[in-house]
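Participant: Have a look; sequence and predicted model below, questions after that.
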Amino acid sequence: MRGQQGINFTVDEDIKLVSVWRNVSLDAVTLTDQKHTIVWDRIWSTFHNDKKFNRSKDSLNSRWSVIQKETNKFCGCLAQIENQNQSGKTEHDKIEDAKAIYLNNNKNAFQLEHCLRILRNEAKWLILRDNLKVRTRKPTTQSCHTFASSINLDEDNNEMNFGESLERPIGTKAENEKLKKRKNCDDVVPILSS
């Protein structure tokens, strides 16, 4: 017997979920080496901080899986377009072409642009796109790290450079060391001033 399906997620809920996932997953000190259930407990509690939405942990986890899967597919379509390296194509043109490929491959339109706007500059998706571009591109003298094109889905047309965001977040050990140094420094200042 199948469980009852809940109400579809709204755009606002998707945006909140993606933002919360991003904040929790980039927290180097508390996230690393935690069990899956603990991570989703943190995501669920953060998601419900403002009491605006009411979703179960399983519902959030399931929706995140869909967002991640479909965003990965769209990034693959976008990498195909960028591999063609067509002159005169704007970022908007490339995104529209990627939407057409996505529609052709999946028989439905890409519905998660609001999530892509938040996730597009995260290292995970930039590296995925770079890997897809390198894998499908014929060997050239360029390295995959010279990828510096931009994607713009914002209405205000502020272009962002993908190459700037490829740096991975700081690791647990490095973050803990940084916190220890800051604490030691904070302990020494009152002693020196007295």
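Facilitator: Arrived safely.

Participant: mind showing which ranges of this protein have poor pLDDT?
Facilitator: For the chain, applying pLDDT under 70 flags the ranges 1-6, 28-34, 125, 128-168, 185-194.

Participant: what ranges do the helices span in it?
Facilitator: Assigned by DSSP state H, the helices in the chain fall at 11-25, 28-31, 36-47, 57-84, 91-106, 113-119, 123-136, 172-193.

Participant: now these in a markdown table, with mean neighbour count?
Facilitator: For the C-beta atoms, the positions are set from N, CA and C on the backbone; glycine is no exception. Supplementary listing: those in a markdown table, determined by neighbours: other CB atoms under 10 Å:
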| stretch | mean neighbour count |
| --- | --- |
| helix 11-25 | 18 |
| helix 28-31 | 15 |
| helix 36-47 | 16 |
| helix 57-84 | 18 |
| helix 91-106 | 16 |
| helix 113-119 | 18 |
| helix 123-136 | 16 |
| helix 172-193 | 10 |
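
Participant: so who does residue 74 touch?
Facilitator: Applying CB atoms under 8 Å, 6 or more residues apart in numbering to residue 74 gives the contacts 98-99, 102, 110, 112, 116.

Participant: ok, it to residue 82 distance?
Facilitator: Per CB to CB, to the nearest Å, residue 74 is found 13 Å from residue 82.

Participant: what do you get for residue 92?
Facilitator: 14 Å.

Participant: repeat for residue 43
Facilitator: 31 Å.

Participant: likewise residue 97?
Facilitator: On the measure of CB to CB, residue 97 and residue 82 end up 10 Å apart.

Participant: Could you do residue 65 as well?
Facilitator: Residue 65 is 26 Å from residue 82, by CB to CB.

Participant: for residue 181, same thing?
Facilitator: Taking CB to CB, one finds residue 181 at 41 Å from residue 82.

Participant: and if you look at residue 9?
Facilitator: 29 Å.

Participant: Residue 62 now?
Facilitator: Taking CB to CB, one finds residue 62 at 31 Å from residue 82.

Participant: Residue 170 too?
Facilitator: 29 Å.

Participant: before we move on, what about residue 69?
Facilitator: 21 Å.

Participant: And residue 114, by the same measure?
Facilitator: For residue 114, the distance to residue 82 - CB to CB - is 22 Å.

Participant: before we move on, what about residue 40?
Facilitator: Applying CB to CB to residue 40 and residue 82 gives a distance of 33 Å.

Participant: Equivalent analysis for residue 118, please.
Facilitator: 20 Å.

Participant: Could you do residue 68 as well?
Facilitator: Per CB to CB, residue 68 is found 21 Å from residue 82.

Participant: Could I have the CA atoms of stretch 49-60 written out in CSV?
Facilitator: Provided in CSV are the C-alpha atoms of stretch 49-60 (Å, rounded to 0.1, in the frame of the first residue of the first chain):
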residue,chain,number,x,y,z
ASN,A,49,12.6,28.1,12.2
ASP,A,50,10.1,30.7,11.0
LYS,A,51,7.1,28.4,11.3
LYS,A,52,6.0,29.5,7.8
PHE,A,53,6.1,26.0,6.3
ASN,A,54,5.2,22.5,7.6
ARG,A,55,7.0,19.6,6.0
SER,A,56,8.3,16.3,7.3
LYS,A,57,12.0,15.3,7.2
ASP,A,58,11.1,12.6,4.7
SER,A,59,9.3,15.1,2.5
LEU,A,60,12.2,17.5,2.6
